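S.K.: heads up, no residue letters with this:
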């Protein structure tokens, strides 16, 4: 399923969502320019900005050395992507779900929650991949948090999606609960399959990061939902 939009309208312009999109595109351009300079420049770019679980010994916190080189990738890995399809897929989800969540959290609140979800997603991935030398990149952990928040705050919404039935793409208005249950369910199944059969990281997808980000997004939204939401209308 490929989301196109939600049926929830926004009362504010999603300033932070578009800033995040711009930063992701800028980082992709920077990586592309490094790629043009050769394999060495690209390798250095990845080594500098990607997240390597082996650098974070969560089993022995006292051994952690909190240097800039260790702390910076916790933030920068959220803006680096492995390819064009990777960044387009992530930004599509951010464009679809981000504006409504930002509208409810407020600009500053959304900014904080986005990075908190991304950080928690990274820590979840590290926990399930201790000692891994496979670099982690992408905004999907933070965006999973946005989706988790949307799930809690807009359970009655629908997600207009392209669904390929056999070989024919069909546009359907799928209930948000169904869409997001399916999404997190597929991530959980794949994460458990990797643990049981293939080990960590074989597919190149950080399933546990998605799950961790989604979970913390739901928690933030559950706290926020105690407040009266702004008026919103269905299309």
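M.R.: In hand now; what should we look at? Bear in mind the structure is a predicted one, so any value in this text is a computation, not a measurement.
S.K.: find the nearest non-adjacent residue to residue 109, please.
M.R.: Excluding the flanking residues, the one nearest residue 109 by CB to CB, 6 or more residues apart in numbering is residue 224, at 7.6 Å. No exception for glycine: its C-beta is placed from N, CA and C like everyone else's.
S.K.: same check on residue 97?
M.R.: residue 150 (4.7 Å).
S.K.: next: residue 70.
M.R.: residue 55 (5.6 Å).
S.K.: state the distance from the one you found to residue 126.
M.R.: 9 Å (CB to CB, to the nearest Å).
S.K.: if we can go back for a sec, tell me which residues touch the residue nearest to residue 109, please.
M.R.: By CB atoms under 8 Å, 6 or more residues apart in numbering, the contact list for residue 224 reads 104-105, 109, 149, 153.
S.K.: again, 10 Å this time
M.R.: If a contact means CB atoms under 10 Å, 6 or more residues apart in numbering, then residue 224 has 101, 104-106, 109, 113, 149, 152-153 as its contacts.
S.K.: got a PyMOL select line for the buried ones in those residues?
M.R.: In PyMOL, a selection of the buried entries from those looks like this (16 or more other CB atoms under 10 Å):
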select buried, resi 101+104+105+113+149+152+153
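S.K.: could you dump the contacts of residue 224 to TSV with pLDDT?
M.R.: What follows is the contacts of residue 224, written out as TSV (pLDDT from 0 to 100):
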residue	pLDDT
101	96
104	92
105	93
106	93
109	93
113	95
149	96
152	93
153	93
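S.K.: which residue, other than its chain neighbours, is closest to the residue nearest the centre of the chain?
M.R.: For the chain, the residue nearest the mean C-alpha position is residue 140 (2.3 Å; CA atoms, centre = their mean). Nearest residue to residue 140, sequence neighbours excluded (CB to CB, 6+ apart): residue 90, at 5.4 Å.
S.K.: neighbours around residue 221, how many?
M.R.: Neighbours of residue 221 under the rule other CB atoms under 10 Å: 22.
S.K.: next up, phi/psi of it, please.
M.R.: Phi and psi for residue 221, reported as degrees, to the nearest 10, are phi -70, psi -40.
S.K.: that one touches residue 180, doesn't it?
M.R.: No - if you go by CB atoms under 10 Å, residue 221 and residue 180 don't touch, sitting 11.8 Å apart.
S.K.: what residues do the two have in common as contacts?
M.R.: Joint contacts of residue 221 and residue 180 (CB under 10 Å, 6+ apart) are 148, 150-152, 154.
S.K.: where in the protein is pLDDT low?
M.R.: 62, 166, 197-203, 225-235 (pLDDT under 70).
S.K.: before I go, just wanted to say thanks for your time.
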